[in-house]
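Novice: Return a 3D structure for these sequence lines:
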Amino acid sequence: MANQLSANTLFGSGYNNRLNLDRVKNNTPFGYYDNDSEFIKDTQKAAAFVAQRLGVGGTGNATTYITELTVYAAMEEAVTTYGNMVYQYKIRDNYINLEGGPTLPFNQTETGDKIVLSQDPSVNSTVYWSGGRTATWDEIGNDLPNSSSAAGGEIYVSSASINDFISPDVKKINNWNFYYYQTPSISGYDNYDFSQTTYPQFNKVAGATVATLHYSESYTTFNTTAQAIFTSTPGSSSFSVTASNGTDKFLFVVTASALPNDTITTFYIATGSNANNTANNIAKKLNSVTSNFGVTITAITGSTPTTLELSSSFGSTVDPSVNFQINYLDGTSTPQQVVFTQPNTYNTYQITSGESWIYFFTTYPIQSLFYGGATLNTAYYQDILKGRGLNGKLINNTLQTQIRIAESYAQEAGVGGYVTEYTGSLHLEPGKQVYDLNAWAAASASLETGDRIEIRQIFYQEPPAIVRYFDPYAGTGTGVQGLLETFGFGSYSPGVNFMLMPVYWDIQKIQAIELNDQVRKSAFSFDLVNNQLRVFPVPGDMYEGHMLLFKYMKESEKYLPTTDNRPNVISDVMNVPYKNPIYTDINQVGRSWIFRFTLALCKEIEGQVRATFQGTNFGGLVVNGSELLTDARTEKVELMTELKEYLDQTTRRSQLERKQAESEFSRQTMNQIPLLIYAL
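Specialist: Below is the predicted model of the structure:
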């Protein structure tokens with residue numbers, strides 16, 4: 001039940017009265033930070049902060065219309081606004097390094113998750129534990145290393161509602177472990193490592209446990225030889241069975257004569273040739289009619305033919321308050337009873353499917369691990385908050401985006417790109433100088449209607465100059481053999497070690513060969529306009545049958561925007577893996593802004609409510625909501641401007657400019673220092 005932030009709610013009994021406020025967890029609109037213990041504590045403190053700033057409590061007598069739930073919602077909005085602003089600047093500052101990266105951090109978390117036990121009652125997240133019981137073999141997954149512990153009743157299981165936990169990330173349930181974070185007054189232990197008493201590998205999330213009541217078996221025996229039920233007299237050869245409901249009674253008649261048909265309440269048994277056979281006949285008859293008793297009866301012959309042993313196993317639907325009994329006549333015609341005493345009860349447990357309860361397996365029942373019985377105050381889950389997405393991560397500079405952009409330029413230069421280059425060929429014909437590559441493409445390039453090809457390279461040229469290069473290290477034509485001898489390398493063979501000549505020497509030699517061919521020889525060449533290829537010189541008879549090779553692209557593919565089809569890739573600012581901020585990691589500077597923004601939001605809501613009573617006189621106090629509403633909205637704008645200016649000054653560009661200015665100022669300052677003159 002929400003409470004107005006009035007004096008008797010927050011300040012009637014001092015600080016502890018704050019616990020009268022509704023719990024924060026599950027009472028915020030989105031629950032973004034309900035799993036953060038620091039947020040829970042600060043939000044309840046913010047309720048007192050807002051109330052006091054609105055004049056409630058202390059010496060003030062003002063009344064506010066907002067409740068603690070209003071403050072909780074405002075606090076959540078303030079944290080989210082702060083985080084969004086910070087991460088927008090981070091994304092803008094680093095997007096060139098982020099685009100094309102993975103979005104998988106959205107699904108990654110750190111390890112080492114713990115259940116933290118706090119001594120601060122203001123966290124207000126009490127966990128109520130079920131009674132500890134011994135775990136079954138199936139519940140520990142038939143785990144062989146711990147089979148003896150399970151068989152010996154040394155592994156206990158306790159459960160608690162999943163709603164009682166802060167940040168119950170059930171995907172990592174098998175990493176959960178208890179963590180010491182409290183004084184001995186809460187745990188009963190001093191510096192105790194609770195991980196020694198837990199089996200986190202068996203932790204599970206499931207539905208509520210169903211307990212089924214059972215009754216253990218009771219046994220009795222009687223000697224068949226001494227009983228009159230085995231005599232030849234039909235009247236004395238009978239016995240009755242009274243069911244555990246105390247009302248149903250059935251007569252069993254043992255007779256040597258022809259067996260009549262059984263009725264609803266009377267059953268007939270044939271006398272055997274000896275006591276053992278008769279006992280077997282009785283056992284068969286009892287077993288054939290057990291369903292009529294509402295119980296289960298097993299009758300077998302004992303180790304000797306004259307002993308009949310019976311056992312009863314009561315189902316959970318049978319009332320055990322009336323004992324099961326067999327009535328018979330002894331040799332003196334005196335009625336006797338064989339009574340099955342009231343059996344002991346026991347339960348079997350079945351953990352149902354679902355996600356409503358968390359089960360923990362421990363060396364001792366959880367209640368015995370901590371003082372306080374079945375309630376462990378303010379147990380909460382904390383470490384799972386760390387390591388989400390890019391939160392708290394330092395982003396390094398990369399060249400991936402620049403390289404991706406450069407690929408388009410590399411494609412035009414013929415040294416890279418994303419568009420496929422195809423190869424083609426056509427026959428050179430003697431005397432034919434012009435070849436229509438558009439016609440060739442229509443016949444051979446499998447083009448769509450309206451598509452064209454773009455010729456990228458034609459292999460109609462003389463052999464590269466490097467194949468006619470004179471080896472400068474073989475001593476031929478360059479006169480460097482003596483130089484090799486001078487440096488002591490002449491004894492090594494071959495001399496083509498490229499150990500002495502600089503690279504520019506090779507480049508100049510190649511250029512010289514190419515220029516020689518251009519000036520002194522009739523070099524092969526071609527001209528290409530609108531895919532009309534003109535070759536020089538005109539092919540003669542010697543070229544008949546020769547192939548002219550070339551590379552080309554399809555224009556439909558070249559000008560089609562390329563896409564990166566990898567899954568989970570950052571394609572725009574919407575899927576940069578930043579999550580909501582982790583409140584615990586926000587420093588005091590950020591929290592101060594959040595508190596002030598929370599107050600501004602609450603004042604705005606308070607002003608809107610008061611505006612509906614504008615000018616009303618309450619006991620001499622005139623309500624004026626418009627002024628409060630105006631002030632609140634002005635404060636919100638000022639706070640947003642303050643945060644934007646602060647973040648503007650922390651961008652990479654601003655920091656580099658500041659560093660540059662600082663360096664320049666330092667240089668100018670150093671220049672003003674007089675220089676010493678040294679006299680020789």
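
Novice: my guess is Val157 meets Thr363, correct?
Specialist: No. Using CB atoms under 8 Å as the test, Val157 is too far from Thr363 to be in contact (11.5 Å). Any C-beta I mention is one placed from the backbone N, CA and C, and that applies to glycine too.

Novice: What average pLDDT does the helix or strand hosting Phe526 get?
Specialist: With secondary structure defined by DSSP states H and E, Phe526 is part of strand 525-529. Averaging pLDDT along strand 525-529 yields 88.

Novice: go on, stretch 437-446?
Specialist: Mean predicted lDDT for stretch 437-446 stands at 90.

Novice: ditto for stretch 88-97
Specialist: Stretch 88-97 comes out at a mean pLDDT of 88.

Novice: Checking the nearest residue to Asn396 once chain neighbours are set aside next. Helix, strand or coil?
Specialist: Excluding the flanking residues, the one nearest Asn396 by CB to CB, 6 or more residues apart in numbering is Asn97, at 7.2 Å. With DSSP: H, G, I helix; E, B strand; the rest coil as the basis, Asn97 sits in helix.

Novice: related to what we said a few turns ago, more neighbours, Val157 and Thr363?
Specialist: Neighbour count, other CB atoms under 10 Å: between Val157 and Thr363, Val157 has more, with 25 against 15.

Novice: contacting residues around Thr197?
Specialist: Phe178, Thr362, Thr363, Tyr364, Leu369 (CB atoms under 8 Å, 6 or more residues apart in numbering).

Novice: ditto for Asp541
Specialist: Residues in contact with Asp541 (CB under 8 Å, 6+ apart) are Pro430.

Novice: Could you do Arg53 as well?
Specialist: Leu599, Lys603.

Novice: Also Lys285?
Specialist: By CB under 8 Å, 6+ apart, the residues touching Lys285 are Phe252, Phe267, Ile269.

Novice: ok so, going back, please report how far the residue nearest to Asn396 lies from Tyr504.
Specialist: Asn97 sits 37 Å away from Tyr504, going by CB to CB, to the nearest Å.

Novice: neighbour count winner among these two?
Specialist: Asn97 (16 against 8).

Novice: So which of the contacts of Thr197 is surrounded by the most neighbours?
Specialist: Among the contacts of Thr197, Phe178 has the most neighbours (other CB under 10 Å), with 25 neighbours.

Novice: and Gln508, helix, strand or coil?
Specialist: Once three-state DSSP is applied, Gln508 turns out helix.

Novice: which residues touch Ile42?
Specialist: Ile isn't right for residue 42; it's Asp. Neighbouring residues of Asp42 by CB under 8 Å, 6+ apart: Met75, Tyr583, Arg591, Phe595.

Novice: which of those residues has the most neighbours?
Specialist: Met75 (30 neighbours).

Novice: any idea how far it lies from Ala439?
Specialist: For Met75 relative to Ala439 (CB to CB), the value is 74 Å.

Novice: Over to Ala160?
Specialist: 80 Å.

Novice: Could you check which of the two is surrounded by more residues?
Specialist: Using other CB under 10 Å as the criterion, Ala160 and Ala439 rank with Ala160 on top: 22 against 12.

Novice: that's a helix at the more buried one, yeah?
Specialist: No. Read with three-state DSSP, Ala160 is strand and lies in no helix.
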